[in-house]
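Chemist: Give me coordinates for this.
(chains A, B, C and D)
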2 protein chains.
Amino acid sequence: METLLPKLDSVFSTDCVIFGFQANELKILLIDRNEEPYKGWRALPGYIVGQDESIDDAAERILYELTGLRGLHMEQFHTFGDVDRHPQGRVITVAYYALIRIDGQQELKPVTNFARAAYWHPVKDLGKLPFDHQKIFETGFRKIRRRLSYQPIAFELLPEKFTLTQLQTLYEAILNRKLDKRNFRKKMLSYGFLKELDEKQKGVSYRAAKLYRFDRRKYNKIFQNDLSVEG
Amino acid sequence: METLLPKLDSVFSTDCVIFGFQANELKILLIDRNEEPYKGWRALPGYIVGQDESIDDAAERILYELTGLRGLHMEQFHTFGDVDRHPQGRVITVAYYALIRIDGQQELKPVTNFARAAYWHPVKDLGKLPFDHQKIFETGFRKIRRRLSYQPIAFELLPEKFTLTQLQTLYEAILNRKLDKRNFRKKMLSYGFLKELDEKQKGVSYRAAKLYRFDRRKYNKIFQNDLSVEG
DNA sequence: ACAAAAGTGTTGCACGTACACCCATGT
DNA sequence: ACATGGGTGTACGTGCAACACTTTTGT
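Modeler: Okay, here's the model as predicted:
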């Protein structure tokens, strides 16, 4: 595309904060960088946006190239543009988040060699992250938490069949506080989009819990109005 | 700043959606562009971010240069990055909003000649805006509306002394629906940050209403917790 | 006196919160 | 039998929504 605009040595990138839930723990997707700067560091998956792709498209492509995951619904949540956030020049990054179901099947495997590996890492104890990735993560986490308070988005993170206790544990992990079991169940069931299955948990050494499935159709019917107001 | 990054012909800009309230109408700040493309068009105040300034700083500087206003608290709300949003090249824009009090004193006067004029314009009937400014405005408006539902941010827009009816009219303008007078007053007064003055409205041909002042100290005490959770 | 807006209370409902015990299952 | 989590109901307080008439003031 031809440009009549002043040429600036500026670069856009996207960074992704992808949340998952595994072993009763909230996790995010990280990569091991294989390029300078910060070669060898754990970092958020992120890379430079191409000239002829929208930022949304770029976010999806980049996530795929670095982790092998694709087709997930990501949402932009903030843009970080401090002058010195990247040691090699001016890089403004648009941050996205997504909530996904961690699936034993799906393989995490970078398809470029910019990343050496991709894996789930508990949000507790992330350790030191490069650039301003710590801040990006925290901002994204805060947004998710706030959003959960007016929209039950947690189902995105759970396996197809789950128990109410698992759901509650997840809420507690995101909100970082204990919830009352009776109140929690009452509220979740009152929404009407949880379908009780004729099936129970297996392999536990105590009373097995009922399994539920999330009924996306009913959910959409209930929350379409709210979503349409959402920005 | 030296860069080792690939050079791309990419440009960042910021655009501002500044809300004000005047003559019982919700307005936003627009400029008349004095440069191509869209020379002569009404547009959101926006311009290109410099190499060595953060986006937040740039937003403040640019708003000042185009309108003469400065020192207001702007908040980033979304980044727009479609490939073809600017006819002359790839320009990604970070959008900000702010709510301010329209003050008879303050002069709206561009200090660069990129803008020919700056003025308040009703949000109803904005007419055709260049680029994707229509979409930027709508997104910002939606964010403000959502935010008003959990935080009484409307005071930023009112003069120092105001009546409860004015406050209600403003709420109705933002939310785009009628509110119940009794419920509205009860709720606003219950917050405790409205200070009743020993003064009444003047120059009206009907019963004069009491004037109130917004007590920012009490407001902060009440809402600091919510704000700290905010992203 | 009339027009125009100011000002004022009550009731019902929905929702959140606090709180404690018995049940089913595997070992 | 025991340990472990599964599962259940009530009572109270808060906040929101619905609703209509009297009061004050300027002309």
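Chemist: buried sites along stretch A:108-124?
Modeler: A:108, A:110, A:114-115, A:118, A:120-121, A:123 (16 or more other CB atoms under 10 Å in any protein chain shown). In short, each C-beta sits where N, CA and C put it, glycine included.
Chemist: how about these, which pair is most distant?
Modeler: Using CB to CB, these span at most 23.4 Å, a distance reached by A:114 and A:123.
Chemist: What is the burial count for residue A:38?
Modeler: Per other CB atoms under 10 Å in any protein chain shown, the neighbour tally for residue A:38 reads 15.
Chemist: Now for it: which residues touch it?
Modeler: Neighbouring residues of residue A:38 by CB atoms under 8 Å, 6 or more residues apart in numbering or on different chains: A:130-131.
Chemist: sec struct for it, please.
Modeler: Counting by DSSP: H, G, I helix; E, B strand; the rest coil, the backbone at residue A:38 sits in coil.
Chemist: That one and residue A:86, how far apart?
Modeler: Taking CB to CB, to the nearest Å as the measure, residue A:38 falls 10 Å from residue A:86.
Chemist: Common neighbours of the two, please.
Modeler: residue A:131.
Chemist: List the buried residues of stretch A:153-160.
Modeler: Neighbour-count burial for stretch A:153-160 flags A:154-158 (criterion: 16+ other CB under 10 Å).
Chemist: So which residues on chain A come close to DNA strand D?
Modeler: A:163-165, A:181-183, A:185-186, A:205-210 (CB under 7 Å from any atom of the strand).
Chemist: List the ones among those residues that fall in helices.
Modeler: A:164-165, A:181-183, A:185-186 (DSSP state H).
Chemist: Can you say which of the residues you listed are also within reach of DNA strand C?
Modeler: A:181-183, A:186.
Chemist: Tell me how chain A divides into domains.
Modeler: According to automatic domain parsing, chain A comprises the domains A:10-148, A:161-229.
Chemist: okay if I get these as TSV plus mean pLDDT?
Modeler: Putting the domains of chain A into TSV (pLDDT from 0 to 100) gives the following:
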stretch	mean pLDDT
domain A:10-148	95
domain A:161-229	90
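Chemist: looking at those, which is buried most?
Modeler: domain A:10-148 (a mean of 18; mean count of other CB atoms under 10 Å in any protein chain shown).
Chemist: what about that one and DNA strand C, touching?
Modeler: No. Figure legend: domain A:10-148 not in contact with DNA strand C (CB under 7 Å from any atom of the strand); closest approach 12.5 Å.
Chemist: ends of that domain, how far apart?
Modeler: One end of domain A:10-148 sits 35 Å from the other (CA to CA, to the nearest Å).
Chemist: I'd like to know which elements the longest strand along chain A is packed against.
Modeler: Determined from DSSP state E, the single longest strand within chain A is strand A:10-22. Applying 3 or more CB pairs under 8 Å, 6 or more residues apart in numbering or on different chains; DSSP states H and E, we find strand A:10-22 packed against strand A:25-33, strand A:46-48, helix A:55-67, strand A:90-99, helix A:133-148, strand B:10-22.
Chemist: quick one: strands adjacent to it?
Modeler: Strand pairing for strand A:10-22, using DSSP bridges, gives strand A:25-33 (antiparallel), strand A:46-48 (antiparallel), strand A:90-99 (parallel).
Chemist: got the angle between the next helix or strand after the last one and helix A:55-67?
Modeler: Looking back up the chat, that one is strand A:90-99. Going down the chain from strand A:90-99, the next helix or strand is strand A:115-122, by DSSP states H and E. Here strand A:115-122 points in a direction 100 degrees away from that of helix A:55-67 (axes from the mean of the first three to the mean of the last three CA atoms, to 10 degrees).
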